[in-house]
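1. Task: produce atomic coordinates for the following.
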Amino acid sequence: IAFFVQHGRFALVMLLAICLYRMPDFVMGPMANPFYADLGIDKETVGAVRGSVGLFATIVGIAAAGLSAVRFGFMPTLLAGAVLGPGSNLAFAYLALHGSDTGVFTAAMMIDNFCSGYAGVALIGYMSSLTSLGYTATQYALLSSFYALAGKVLKGFSGVWVEQLAVGRTLLEGYALFFTGTALIGIPAIVLCIVLWRRPPVPPSVPSPARGKRPRPVGGGGAAAASRRRRARPAPVARRRGRRCRCGSRTARPWRARRARPRRHRLGRIRRYLDHLLAGAGGLVLAAARLRGVSRDGYRQAVADQL
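-> Okay, here's the model as predicted:
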């Protein structure tokens, strides 16, 4: 439900585009090995080409799709995959008309594997971009089921279509018409991709805030707002932490801070130091008098007599 609420009326268009995107490959897939056998290409050649050139072309197609998605975005990559995927079937149509040739067969396999890898990555990236944060697994499972639904239903009729197209023609001409028809099946997917590309952008979904909490703005809060607050805040002055004396003042400060203080403050600080010094001296004298057996009152009387 969250998927349909977020995308509105375009949700059905997205599901239909995903359903039709890889249908040409699904329909053509069951007839690939019978086509190689009827063409006269042995299994060893097919396996060698698939395991060497075909694998390399698939890896290159996957890398090209990833770079295209990063550079141009998901929708241009999806549209390019919708054109390349069905278009690669025309290479097998040409191979059917050309005959059994290892060089042409290798080129057709390279084109097909490259386009299949490109289209697959483009579709997976687009489906991943449609999922929301709270329902990623559920929505991706829904999109994946639509991705293969129609193609797996229709691919069971591929052999029947080849037999019907071969009536009044040779078998290889029937294969050529069949591969051309599978390429034309991809036209609706191209049209739907163009419609989705031209639709207005959808704002990202933000989960509803809890009761009593302030909602977080989309695009204006988070790291961007924190960065702006840090830039507006003045830089703190580097200060050394010193020891505190009993009066509460720090005894160790940088020389810059001492120079910046007014003269009156420095004089008051010197006065406090002298008071501490005199109090300490008086305490030492009183302690010495106690050691000699003189009481506090006698000490005070002796000091008064001297004064």
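2. how much space is there between Ile143 and Ala69?
-> Quick fix: residue 143 is Leu, not Ile. 17 Å (C-beta to C-beta, to the nearest Å). C-beta coordinates here come from the backbone N, C-alpha and C atoms, glycine included.
3. And for Gly134?
-> Noted for Gly134: a distance of 24 Å to Ala69, by C-beta to C-beta.
4. Could you check which of those two is surrounded by more residues?
-> Between Gly134 and Ala69, Ala69 has the larger neighbour count (other C-beta atoms under 10 Å), namely 21 against 10.
5. Quick check: closest non-adjacent residue to the more buried one.
-> Spatial nearest neighbour of Ala69, chain neighbours left out: Thr77 (4.6 Å); criterion: C-beta to C-beta, 6 or more residues apart in numbering.
6. In contact with that neighbour, which residues?
-> Contacts for Thr77 (C-beta atoms under 8 Å, 6 or more residues apart in numbering) come out as 65, 68-69, 122, 125-126.
7. Quick check: the farthest pair among those residues?
-> Within the contacts of Thr77, Ser68 and Tyr126 form the most distant pair, 11.9 Å apart (C-beta to C-beta).
8. rewinding a little: would you list the contacts of Thr77 in JSON lines and tack on pLDDT and secondary structure?
-> As requested, those are exported to JSON lines (pLDDT from 0 to 100; DSSP: H, G, I helix; E, B strand; the rest coil):
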{"residue": "Ala65", "pLDDT": "93", "secondary structure": "helix"}
{"residue": "Ser68", "pLDDT": "92", "secondary structure": "helix"}
{"residue": "Ala69", "pLDDT": "90", "secondary structure": "helix"}
{"residue": "Ala122", "pLDDT": "91", "secondary structure": "helix"}
{"residue": "Gly125", "pLDDT": "88", "secondary structure": "helix"}
{"residue": "Tyr126", "pLDDT": "87", "secondary structure": "helix"}
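9. Return a ChimeraX selection command for the buried portion of those residues.
-> In ChimeraX syntax, the buried subset of the contacts of Thr77 is picked out as below (16 or more other C-beta atoms under 10 Å):
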select :65,68,69,122,125,126
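10. Surely Ala91 is in a helix?
-> Yes. According to DSSP: H, G, I helix; E, B strand; the rest coil, the state of Ala91 is that of a helix.
11. residues contacting the nearest residue to it once chain neighbours are set aside?
-> Ranked by C-beta to C-beta, 6+ apart and with sequence neighbours excluded, the top spatial neighbour of Ala91 is Ala108, at 4.1 Å. Counting by C-beta under 8 Å, 6+ apart, Ala108 touches 91-92, 94-95.
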